[in-house]
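**Student:** Predicted coordinates and the sequence they were generated for:
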Amino acid sequence: MGIQLFRPLICEEAIDAAGEVLRSGWIGLGPKTLEFEKRFADFVGAPFCVGLNSCTAALHLALRILDICPGREVITTPLTFVSTNHAILYEHLKPVFADINPGTGNLDPKSIREKITENTGAIIIMHFAGYPADMHEINTISKEYKIPVIEDCAHACGASYRGQRIGSSANLHAFSFQAVKNLPMGDGGAITLHSKEQMERLRRLRWLGIDKSTFDRVDIGNPSNYEWNYQVRETGFKYHMNDIAAVIGLHQLPLVESQNARRRQLAALYDRRLAHIPGITLPQYENDRVSSRHIYFILAENRNALADKLKQADIGVGVHYRRNDHYPMYERTILEKTDYFCEHTLSLPMHMMLSKEDVETICKVIEKGW
C-alpha cells in the first residue's frame, strides 16, 4: 500500500461510543448533538453552535438567515470545494469571484474591495488549507460597507488568527466534520455564531422549519408520552446532525489540538526538505496566525509532471481546487493570480497516519527532479 493523500483516524473511544448510541434506541437529533454543540462552541470560543449534517448545509443556512434578496451578489472565492459557491446558487444569488493571494490560497482583501458594488449582499471567505485569511482587513471592509461576512472554516478547525480561535468572531462560521477533516466525524457540519435569535432560527431551519425537534417532544423515560403538536413557521431543510456523528465528535474533539500540532510538525519537515529544491515554491505564511494544516500544498513548475512522478512512486497527490468559475454553472472571470495558482498547486499527503519517514520518502522523490 502506498502513501495516501488523506486518511481518517478515529479513536477507539469514539468507535465504542458510537456503538453505545446505536444500541441506545435514540440515534437521531438528540442529547449527544446538544452536548456536542455546547462543547464545540466552548472549544472555538463562540456563544452558540448549531450542529448540522454537512458544511454545505452550514453555508446554505448561513446565507438563508441573512435574508438577502434574490438576484443580489455575493463576493466569494474561486478556490474552494464547489459546495461553497453552490450554496450561493441555492439562494438564487449571484457569485462574484474575487482573486486570491497565491502565497496562501486565501482571498485577497484588495480584490474583495474592488468587487464591491451597491448590489453586494455578502462576502464569503475561506480559510484555505487551514491557514486563516486576512480577517482584520476583511472585517474592516465588512464594517465600512456594512456587508456581512460568512467564514468557510471547513479546513480551519483549531486554527487561530492573532490569538483568537477561528469560529469565535462576530461573523457566521461554517465548519466541516467530513471524514478526512481535522475533526473527523464520518460527516457533519456546524455553524458557530453570536446571535441567540439567529441560533434559534437555525435550529428550526435545520429541521424543516419545525419549532420543536422530535427529541424535544418525547419523554425518554416514558416513550409512549409523545407530543405531536408543533408549529412550522417557514420552509426549512432536513439538515440536522445526528447523535451517531455527535458522539464520535465528542470523543474526537479533545484530540484536535494535539493532532493539529502533529500536522504542523509534519508541515515543518516538508518545509525544511523542500525549501531549496529548484522549481518548488512553499506557502507564504505570517507569524500572527496558526494554521490547522489541513492541506499541505506547494507550487511547482510543470506541476503535472511532478504529480505523475509521485503517482508512479505510489504516492497520492491532489489539486485543491479546480477554480469554480470554470464550471458551466458559473460565470468565468479574469483572475490572474488564481490562474497561476491553479496551474501550479499540488497537494501532498497530510494526515494523522503519515509518518516522518513517509515525508522523507516523498521529499526524496521530489528531490530527484521531474
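**Tutor:** Looks like it arrived, so ask away.

**Student:** Check which helices and strands the host helix or strand of residue 142 sits against.
**Tutor:** Assigning secondary structure by DSSP states H and E places residue 142 in helix 135-145. Judged by 3 or more CB pairs under 8 Å, 6 or more residues apart in numbering; DSSP states H and E, helix 135-145 is in contact with helix 109-115, strand 120-126, strand 149-152. All C-beta atoms are positioned from the backbone trio N, CA, C, and that covers glycine.

**Student:** How much space separates residue 277 from residue 368?
**Tutor:** Remark: distance between residue 277 and residue 368 (CB to CB, to the nearest Å) = 10 Å.

**Student:** which one of the two has more residues nearby?
**Tutor:** residue 277 (16 against 9; other CB atoms under 10 Å).

**Student:** ok so, going back, looking at the helices and strands packed on helix 135-145, which is nearest to residue 32?
**Tutor:** Among the helices and strands packed on helix 135-145, strand 149-152 comes nearest to residue 32, with 25.5 Å by CB to CB.

**Student:** And the next helix or strand past that closest one?
**Tutor:** Downstream of strand 149-152 (by DSSP H and E), the next one is strand 160-161.

**Student:** Partner strands of the helix or strand following that following strand, with direction?
**Tutor:** Proceeding N to C from strand 160-161, the next assigned helix or strand is strand 164-165, under DSSP H and E. If you go by DSSP bridges, strand 164-165 pairs up with strand 160-161 (antiparallel).

**Student:** who's in contact with the partner strand?
**Tutor:** 132, 135, 166, 288, 289, 290 (CB atoms under 8 Å, 6 or more residues apart in numbering).

**Student:** Number of residues surrounding the spatially closest residue to the first one that is not a sequence neighbour?
**Tutor:** In space, not counting the residues next to it along the chain, residue 132 is nearest to residue 161; the distance is 4.0 Å by CB to CB, 6 or more residues apart in numbering. The criterion is other CB under 10 Å. On that basis, residue 161 has 21 neighbouring residues.

**Student:** could you pull out the helices for this structure?
**Tutor:** 12-24, 31-44, 55-64, 83-90, 109-115, 135-145, 196-205, 243-252, 256-274, 303-312, 336-344, 356-367 (DSSP state H).

**Student:** what does the last one rub up against?
**Tutor:** Taking contacts as CB under 8 Å, 6+ apart, the residues outside helix 356-367 that touch it are 3, 266, 269-270, 273-274, 277, 280, 306, 309-310, 313, 315, 348-349.

**Student:** Which one (most neighbours) among the residues you listed?
**Tutor:** In the contacts of helix 356-367, the most neighbours by other CB under 10 Å go to residue 348, 26 neighbours.

**Student:** residues in contact with it?
**Tutor:** 5, 270, 296, 297, 298, 310, 315, 317, 362.

**Student:** do you know how far residue 286 is from residue 110?
**Tutor:** Residue 286 is 16 Å from residue 110, by CB to CB.

**Student:** Oops, could you answer that again for residue 231 instead?
**Tutor:** 47 Å.

**Student:** and the two? which has more neighbours close in?
**Tutor:** residue 110 (14 against 9).

**Student:** Just give the closest residue to residue 263, not the sequence neighbours.
**Tutor:** The nearest residue in space to residue 263 (CB to CB, 6+ apart) is residue 293, at 3.8 Å.

**Student:** Am I right that that neighbour is in contact with residue 132?
**Tutor:** No - judged on CB atoms under 8 Å, residue 293 makes no contact with residue 132 at a distance of 11.9 Å.

**Student:** Looking at those two, which one has more neighbours?
**Tutor:** Between residue 293 and residue 132, counted using other CB under 10 Å, residue 132 has the larger neighbour count: 28 against 25.

**Student:** any chance of the contacts of strand 160-161 in CSV, plus distance to residue 321 and pLDDT?
**Tutor:** Converted to CSV, those look like this (distance: CB to CB, whole Å; pLDDT from 0 to 100):
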residue, distance to residue 321, pLDDT
132, 18, 98
135, 21, 98
166, 20, 98
288, 26, 97
289, 21, 98
290, 23, 98
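
**Student:** Considering the residues you listed, which is situated nearest to residue 191?
**Tutor:** After measuring the contacts of strand 160-161 against residue 191 - CB to CB - the closest member comes out as residue 166, at 13.2 Å.

**Student:** What is the burial count for the nearest residue to residue 353 once chain neighbours are set aside?
**Tutor:** Nearest residue to residue 353 in three dimensions, chain neighbours excluded: residue 7, at 4.6 Å (CB to CB, 6+ apart). Neighbourhood size, residue 7 [other CB under 10 Å]: 16.

**Student:** which ones are touching residue 7?
**Tutor:** Residue 7 neighbours (CB under 8 Å, 6+ apart): 180, 351, 352, 353, 354.

**Student:** ok, now which ones touch the fourth one?
**Tutor:** Applying CB under 8 Å, 6+ apart, we find residue 353 in contact with 4, 7, 9.

**Student:** hmm, 10 Å instead?
**Tutor:** 3, 4, 6, 7, 8, 9 (CB atoms under 10 Å, 6 or more residues apart in numbering).

**Student:** between the contacts of strand 160-161, which is closest to residue 71?
**Tutor:** Nearest to residue 71 among these, with distances taken as CB to CB, is residue 135, at 28.2 Å.

**Student:** Tell me, what's the model's pLDDT at the residue nearest to residue 263?
**Tutor:** Per-residue pLDDT puts residue 293 at 98.

**Student:** let's have the chain start at 45 instead
**Tutor:** Yep, numbering from 45; the last one is residue 337 now.

**Student:** and the gap between it and residue 312?
**Tutor:** Taken as CB to CB, the span from residue 337 to residue 312 is 9 Å.

**Student:** hey, what's in contact with both of those two?
**Tutor:** By CB under 10 Å, 6+ apart, residue 337 and residue 312 have no common neighbours.

**Student:** measure the residue nearest the centre of the chain to residue 100 for me?
**Tutor:** In the chain, the centroid-proximal residue (CA atoms, centre = their mean) is residue 198; its distance is 0.5 Å. Noted for residue 198: a distance of 9 Å to residue 100, by CB to CB.
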